[in-house]
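Q: Have a look at this prediction, sequence included:
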Amino acid sequence: MAPAPLRKSAPDAPDLSVRAMDNLRFIRETMERAGAFTAVPGWGGVAMGVTAVATAVLASGLPYGGWWLRLWLAEAVVGAGIGALAMGRKARAHATPLTSAPARKFALAFLPPVVVGAMLTLVLGRMHLYAVLPGLWLVCYGAGVVTGGAMSVPLVPVMGLCFMAIGAAALLAPAAWGDTFLGLGFGGLHMIFGTFIARRHGG
């Protein structure tokens, strides 16, 4: 009895290595989409808090108006710069690029409330309603941290809720307390939560 001829592999059968690479790519992309954004800066947040406290002390000696607003806007630029540098450094250390899907989702959720706050600052500043700005800034920033924090570690949205609570108190409190609330919020909360984030989640 003649032996049966060996079966030839189908010419159109996909190469195993190609299939394996496709599967790995799918798994990586799925994990990236589902992952949390962990590059929220801890020690960078502490540094942001220190500059905010210093600004609150300096601004407390100024009446509401142009120079007071300029001082706090300068602090916003400095704080944003510190946060961006610290976030980039932490992202590199943890190999989580700022172009990843979690980072993009964090930015898209965080930025709209902040942009709204900037637009309202322009309008209220033109109307000379400066006393409303401390509460507005804290509430809008807190809202951004809550929405962006939904893509991050659990401490972040909690921090955002605390910002919103202090902002609400600032809106209801006497206007003269504005700098105190800004110091408590942008200063105290950044330092407290930044320390917790740095110790529990690195950097």
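A: Done, it's in.
Q: C-alpha only now, for contacts and for neighbours.
A: Will do.
Q: Show the residue spans covered by the helices in the chain.
A: Using DSSP state H, the helices of the chain run over 16-34, 43-59, 66-93, 101-126, 133-149, 155-172, 178-182, 190-201.
Q: Remind me what the fifth one packs against, helices and strands.
A: Using 3 or more C-alpha pairs under 8 Å, 6 or more residues apart in numbering; DSSP states H and E as the contact criterion, the elements in contact with helix 133-149 are helix 101-126, helix 155-172, helix 178-182.
Q: need these in a markdown table with distance to Leu133 and mean pLDDT, can you?
A: Putting the helices and strands packed on helix 133-149 into a markdown table (distance: least, C-alpha to C-alpha, whole Å; pLDDT from 0 to 100) gives the following:
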| stretch | distance to Leu133 | mean pLDDT |
| --- | --- | --- |
| helix 101-126 | 7 | 91 |
| helix 155-172 | 9 | 95 |
| helix 178-182 | 8 | 97 |
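Q: which of those helices sits most buried?
A: Highest mean neighbour count among the helices and strands packed on helix 133-149 (mean count of other C-alpha atoms under 10 Å): helix 178-182, with a mean of 24.
Q: Could you list the residues in contact with it?
A: Helix 178-182 is touched from outside by 52, 56-57, 59-60, 131, 134-135, 138, 166-167, 170, with contacts defined as C-alpha atoms under 8 Å, 6 or more residues apart in numbering.
Q: cool, stretch 106-114 as well?
A: Residues from elsewhere that reach stretch 106-114 (C-alpha under 8 Å, 6+ apart): 37, 140-141, 143-152.
Q: separation between Gly125 and Leu136?
A: 12 Å (C-alpha to C-alpha, to the nearest Å).
Q: Sketch out the low-pLDDT regions of this structure for me.
A: Across the chain, the ranges flagged by pLDDT under 70 are 1-39, 203.
Q: Please name the nearest non-neighbouring residue to Trp72.
A: Nearest residue to Trp72, sequence neighbours excluded (C-alpha to C-alpha, 6 or more residues apart in numbering): Thr55, at 7.0 Å.
Q: Next, the contact list for that neighbour, please.
A: Neighbour list for Thr55: 71-72, 75, 183 [criterion: C-alpha under 8 Å, 6+ apart].
Q: Then Gly187?
A: Neighbouring residues of Gly187 by C-alpha under 8 Å, 6+ apart: 48-53.
Q: Put together a markdown table for the residues you listed, with distance to Gly42 and neighbour count on each row.
A: A markdown table is the format used below for the contacts of Gly187 (distance: C-alpha to C-alpha, whole Å; neighbours: other C-alpha atoms under 10 Å):
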| residue | distance to Gly42 | neighbour count |
| --- | --- | --- |
| Met48 | 10 | 25 |
| Gly49 | 11 | 25 |
| Val50 | 13 | 19 |
| Thr51 | 15 | 19 |
| Ala52 | 15 | 27 |
| Val53 | 17 | 21 |
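Q: can you tell me which of the residues you listed lies nearest to Ala93?
A: Relative to Ala93, the closest of these is Met48; by C-alpha to C-alpha it sits at 19.9 Å.
Q: Which residue comes closest to the closest one once chain neighbours are left out?
A: Counting by C-alpha to C-alpha, 6+ apart, Met48 lies nearest to Gly79, which is 5.1 Å off, once chain neighbours are set aside.
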